[in-house]
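**Q** Sharing a model that was predicted from the sequence below.
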Amino acid sequence: MKKIVLTILLCSVSFVMVGSLTTPTVGAVEESSNSVASDYVTKEDGTIEMIVPEDEVEQDLQKQVEDYISSKTGLTRSPTWVNLTQKVIETKYPVASGYAGNQPTKGTKFPSGGGFYWSSGGGPNVSVSAGFAGISISTNLGKSGTSGNFVNAPNKTQYFKLHVSEKYKVQKVAVYGAPYTNPNGPKQFLYYTYPKTLYSRTLSAKAQ
């Protein structure tokens with residue numbers, strides 16, 4: 001009888017140990033369901049920043065130039081221009097910034113600690129000059145919600161709002177070409193084009 005009782009006790013202990021080892025941590029599950037994997041890096045001041053890889057930036061800018069040239073070839077002057085070349089005349093880095101959408105006017109306080117989740121789209125639109133006459137940058141600042149990229153609030157006592165700052169790379173590109181009737185002759189200036197693309201984005205919690 002004692003042997004049977006001892007066997008039952010050992011089985012119960014083994015079940016409890018296995019159960020404790022396989023039970024998931026609730027906090028980790030909640031965090032993984034809210035935050036998303038991204039290329040954002042946390043800086044010393046608590047802000048998070050995403051920098052677009054340089055090769056992706058250059059590829060996007062070049063594609064925009066090529067698409068613009070394709071749309072203009074044969075339409076700008078007569079005769080048609082051939083052997084087109086391009087040259088970057090100037091580069092600027094304008095910044096579009098503001099507060100993300102879906103936030104209280106006075107901000108949010110986190111007495112127990114915490115911060116904001118940012119997701120793209122659904123927020124206010126802003127437009128800023130690109131630094132060249134007649135050229136502007138328009139973007140949506142996204143919104144604060146329950147999932148996305150996490151931005152930690154610096155303290156538990158102040159009110160904060162989620163702030164978004166986007167830097168763009170804008171180029172002034174000159175396009176040159178030779179007339180179809182003299183393809184090997186000297187090239188002439190045809191027009192400018194202004195490709196633009198996202199360079200970096202910084203998300204931060206700003207005290208109100």
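**A** Sure, I can see it.
**Q** Which helix or strand contains residue 70?
**A** Secondary-structure element containing residue 70, defined by DSSP states H and E: helix 54-72.
**Q** Could you list the buried residues of that helix?
**A** By neighbour count with 16 or more other CB atoms under 10 Å, helix 54-72 contains the buried residues 57, 61, 64-65, 68-69, 72. Bear in mind the C-beta positions are built from the backbone N, C-alpha and C, glycine included.
**Q** ok, now stretch 164-181?
**A** For stretch 164-181, burial by neighbour count (16+ other CB under 10 Å) applies to 164-173, 175-179.
**Q** and if you look at stretch 40-59?
**A** So for stretch 40-59, counting by 16+ other CB under 10 Å, buried means 40, 47-49, 52, 57.
**Q** what do you get for stretch 199-208?
**A** 199-205.
**Q** Can you list the neighbours in contact with it?
**A** By CB atoms under 8 Å, 6 or more residues apart in numbering, the surrounding residues in contact with stretch 199-208 are 40, 45-52, 57, 93, 99, 106-107, 115-116, 118, 149, 151-154, 158-169.
**Q** Average pLDDT for that stretch, rounded please.
**A** The average pLDDT within stretch 199-208 is 97.
**Q** Mind exporting the C-alpha coordinates of it to PDB?
**A** Only the C-alpha atoms of stretch 199-208 are listed here, as PDB (Å, rounded to 0.1, in the frame of the first residue of the first chain):
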ATOM      1  CA  TYR A 199      15.900  58.600 -46.300                       C
ATOM      2  CA  SER A 200      15.100  58.000 -42.600                       C
ATOM      3  CA  ARG A 201      12.300  58.100 -40.000                       C
ATOM      4  CA  THR A 202      12.600  58.900 -36.300                       C
ATOM      5  CA  LEU A 203       9.900  58.100 -33.800                       C
ATOM      6  CA  SER A 204      10.000  59.700 -30.300                       C
ATOM      7  CA  ALA A 205       7.900  60.500 -27.200                       C
ATOM      8  CA  LYS A 206       7.900  64.300 -26.700                       C
ATOM      9  CA  ALA A 207       6.900  65.800 -23.400                       C
ATOM     10  CA  GLN A 208       4.000  68.200 -23.400                       C
END
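**Q** chain center to it: distance?
**A** Here stretch 199-208 shows a centroid-to-chain-centroid distance of 11 Å under the convention CA atoms, centre = their mean, to the nearest Å.
**Q** before we move on, what about stretch 112-125?
**A** A distance of 13 Å separates the centroid of the chain from that of stretch 112-125, by CA atoms, centre = their mean.
**Q** first vs last residue of that stretch, how far apart are they?
**A** Chord length of stretch 112-125, first to last residue, is 32 Å (CA to CA, to the nearest Å).
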